[in-house]
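# Mind folding the following:
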Amino acid sequence: MENVHAGDIMVPLDMYPHIPYWFSIRQAIAEMESAEIETNGRKSIPRVVLVFDETYRLMGFIRRRDILHGLLPGYLLEDSDKEIRKTYDIHVDPHLSEIFDTQGEDMRELSNKPISSVMQPIVHSVQCGDTLLKIVQEIVVQNVYMLPVMENGKIVGVIRSLDVLHAVAKLVL
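From the prediction side, this is the model:
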């Protein structure tokens with residue numbers, strides 16, 4: 001396995017969870033909860049769901065923590081009223097939620113927000129013919145654990161850091 005390329009180790013797009021940008025956070029949760037990826041005889045659950053527009057162009061992705069962030073009421077977010085908090089050196093008390101005791105109601109309501117409000121843009125990708133070393137460099141330098149794999153300007157799959165580590169293991173062990 002001397003010349004490993006992105007196309008050799010990627011998860012094909014049809015095997016990776018993806019949804020349109022107008023889906024709600026609730027629908028993203030359902031997709032993530034039901035998704036299971038099997039590669040090389042190993043099953044795993046995705047950390048990320050890809051997000052597409054109506055022309056099937058990749059727009060971004062939503063991570064587990066983005067979903068969780070979208071479910072937090074504004075009063076529990078450190079970045080709400082950031083200037084006021086900074087001026088008066090105020091920090092959010094995580095026990096505020098106990099005062100209101102409406103967690104389930106709040107989360108159900110907030111889960112109706114569109115994923116476009118919490119998704120992350122795709123900034124980095126690799127090409128189908130890129131080598132394993134280039135992929136490792138991109139993952140390390142860009143500090144990401146997933147990269148879309150592109151071919152002729154279209155996404156054809158995803159490379160996860162897990163897939164890269166398995167490929168590296170075959171070379172070094």
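
# ok, and for stretch 26-46, which residues are buried?
By neighbour count with 16 or more other CB atoms under 10 Å, stretch 26-46 contains the buried residues 26-29, 31-32, 35, 37, 39, 46. C-betas here are computed from N, CA, C, even on glycine.

# Show the contacting residues for Leu162.
44, 145 (CB atoms under 8 Å, 6 or more residues apart in numbering).

# repeat that with 7 Å
Residues in contact with Leu162 (CB atoms under 7 Å, 6 or more residues apart in numbering) are Ser44.

# where does this structure have low pLDDT?
Counting by pLDDT under 70, the ranges of the chain that qualify are 1-2, 74-104.

# circling back: as CSV, the buried residues of stretch 26-46 with distance to Phe52 would be great.
Listed next are the buried residues of stretch 26-46 as CSV, based on distance: CB to CB, whole Å:
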residue, distance to Phe52
Arg26, 18
Gln27, 13
Ala28, 13
Ile29, 18
Glu31, 12
Met32, 16
Ala35, 15
Ile37, 18
Thr39, 22
Pro46, 15
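
# Among the residues you listed, which lie within helices?
Mapping the buried residues of stretch 26-46 onto helices (DSSP state H) picks out 26-29, 31-32.

# what about Ala169, how many neighbours?
Using other CB atoms under 10 Å, Ala169 has 9 neighbouring residues.
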